[in-house]
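Enquirer: Quick one: sequence and predicted model below, then my questions.
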Amino acid sequence: MTDSTTVSTRFWHEIADGRVQCDLCPRFCKLREGQRGLCFVRARQGDEVVLTSYGRTSGIGVDPIEKKPLNHFLPGSQVLSFGTAGCNLACKFCQNWDMSKSREMHTLAHTASPEYLARSARELGCSSIAFTYNDPVIFHEYAIDVAAAARRLELCTVAVTAGYISPQPRREFFAAMDAANIDLKCFSEDFYYRLCGAHLHDVLDTLVYVKHQTRVWLEISTLLIPGHNDSTDEIKSMCEWILSNLGPDVPHHFSAFHPDWKMRDTPRTPISTLSRARQIALDCGLHHVYTGNIHDPVGSSTYCSNCGKQLIERNRYEVGEWLLDAGGRCLFCRSPLAGVLSQV
């Protein structure tokens, strides 16, 4: 790979009617010359599909790792966050639509080679690089090259993704990652199809794959939208699936929706809804459940799954009292806390 904007890709094939099919994600966009996929950044040029945003970024910043959100991966550390433009889902409630829904190449105003991003992360005192703001699945080749550059400098990489990716590219993508926060947007096929233009089962497949066939540290996020995915029955079904298929130690973050993009008439998520969802998840047997996009020190802090004592205090994204020993065990009952608590 080079630092040029457009590079060749591998996950596509020709089909009988003269189009080429992009095989990166389950959308399987079928393209004629000059057409772009729904993601915007993968396009047909000649007889192949190319990535048009390699080495370009829509923004770079330094965040606490808790903002991704990841509460059990290098807690209290700093992460270099960056993204590109476009997305392979069509979520009507997108909270970051100015980047993920961008259809303008001037959004990608900044040049950022993999080596530049890795050096910048090191110089800024970050422990990891996060692919965020928009879904890194769509800039698959670029993300993998950034991850390789990061590992050469002993930095970790984090994917913040909806998990909508086909099996073969999925193996390559997650092999390059150290941690992931995957959106489980709801537990309804109807919701995924109507509001995201996607399918639930593909995301569930990715969650099972990442948990059981990779070494990636996994956490899950669900944006609760009033009247759409916040019913007690749906939240309970989702949490029971997580418990049965992923286990009790995968952290689950319930986040507050604010009116945006094409759902500006939908009200904000009440704090009481997030607290109720958190309690449902705990009652189902999940060990580590969090609330997000609100000020809730109780719902942001980490507790021992054995004795219930607070182990990592958080106020918004700031880490306070730390009651773990050097081996990541509870100081009260010596039970280990699930996660990657020190540098990989």
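Expert: Happy to help now that I have it.

Enquirer: Where do the helices of the protein begin and end?
Expert: Along the chain, the stretches classed as helices by DSSP state H are 97-100, 114-123, 140-152, 167-175, 189-191, 200-213, 232-245, 271-284, 297-300.

Enquirer: Can you read off the pLDDT for residue 290?
Expert: The model reports residue 290 with a pLDDT of 98.

Enquirer: Surely it and residue 299 touch.
Expert: Yes: with contact defined as Cβ atoms under 8 Å, residue 290 and residue 299 form a contacting pair (5.8 Å). For glycine as for every other residue, the C-beta is placed from the backbone atoms N, C-alpha and C.

Enquirer: more neighbours, the two?
Expert: The residue with more neighbours, out of residue 290 and residue 299, is residue 290; 25 against 20, by other Cβ atoms under 10 Å.

Enquirer: tell me the contacts of the more buried one?
Expert: 69, 71, 251-254, 278, 299-300 (Cβ atoms under 8 Å, 6 or more residues apart in numbering).

Enquirer: Pairing partners for it in the sheet, please.
Expert: Beta-bridge pairing of residue 290 under DSSP bridges involves residue 253.

Enquirer: re earlier: closest to residue 135 out of the contacts of residue 290?
Expert: residue 69 (16.0 Å; Cβ to Cβ).

Enquirer: Can you tell me how far the closest one is from residue 87?
Expert: 19 Å (Cβ to Cβ, to the nearest Å).

Enquirer: the more surrounded of those two?
Expert: Higher neighbour count among residue 69 and residue 87: residue 87, with 27 against 21, using other Cβ under 10 Å.

Enquirer: what would the contacts of residue 290 look like in a markdown table with distance to residue 192?
Expert: Formatted as a markdown table, the contacts of residue 290 follow (distance: Cβ to Cβ, whole Å):
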| residue | distance to residue 192 |
| --- | --- |
| 69 | 21 |
| 71 | 26 |
| 251 | 22 |
| 252 | 18 |
| 253 | 19 |
| 254 | 18 |
| 278 | 23 |
| 299 | 26 |
| 300 | 28 |
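
Enquirer: Now find how far off-centre stretch 206-218 is within its chain.
Expert: From the chain centre to the centre of stretch 206-218 is a distance of 13 Å (Cα atoms, centre = their mean, to the nearest Å).

Enquirer: Actually, stretch 329-340.
Expert: 26 Å.

Enquirer: ends of it, how far apart?
Expert: Taking Cα to Cα, to the nearest Å as the measure, stretch 329-340 stretches 12 Å from start to finish.

Enquirer: you'd agree residue 7 is up against residue 53?
Expert: No: contact criterion Cβ under 8 Å: residue 7 and residue 53 do not qualify, at 9.4 Å.

Enquirer: Compare these two (neighbour count), which wins?
Expert: Between residue 7 and residue 53, residue 53 has the larger neighbour count (other Cβ under 10 Å), namely 28 against 17.

Enquirer: do you know how far the more buried one is from residue 43?
Expert: Relative to residue 43, and taking Cβ to Cβ, residue 53 is found at 10 Å.

Enquirer: Take the helices of the chain and write them to TSV, including mean pLDDT and distance to residue 14.
Expert: Formatted as TSV, the helices of the chain follow (pLDDT from 0 to 100; distance: least, Cβ to Cβ, whole Å):
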stretch	mean pLDDT	distance to residue 14
helix 97-100	60	29
helix 114-123	97	30
helix 140-152	98	20
helix 167-175	98	17
helix 189-191	96	31
helix 200-213	98	23
helix 232-245	98	36
helix 271-284	98	46
helix 297-300	97	50
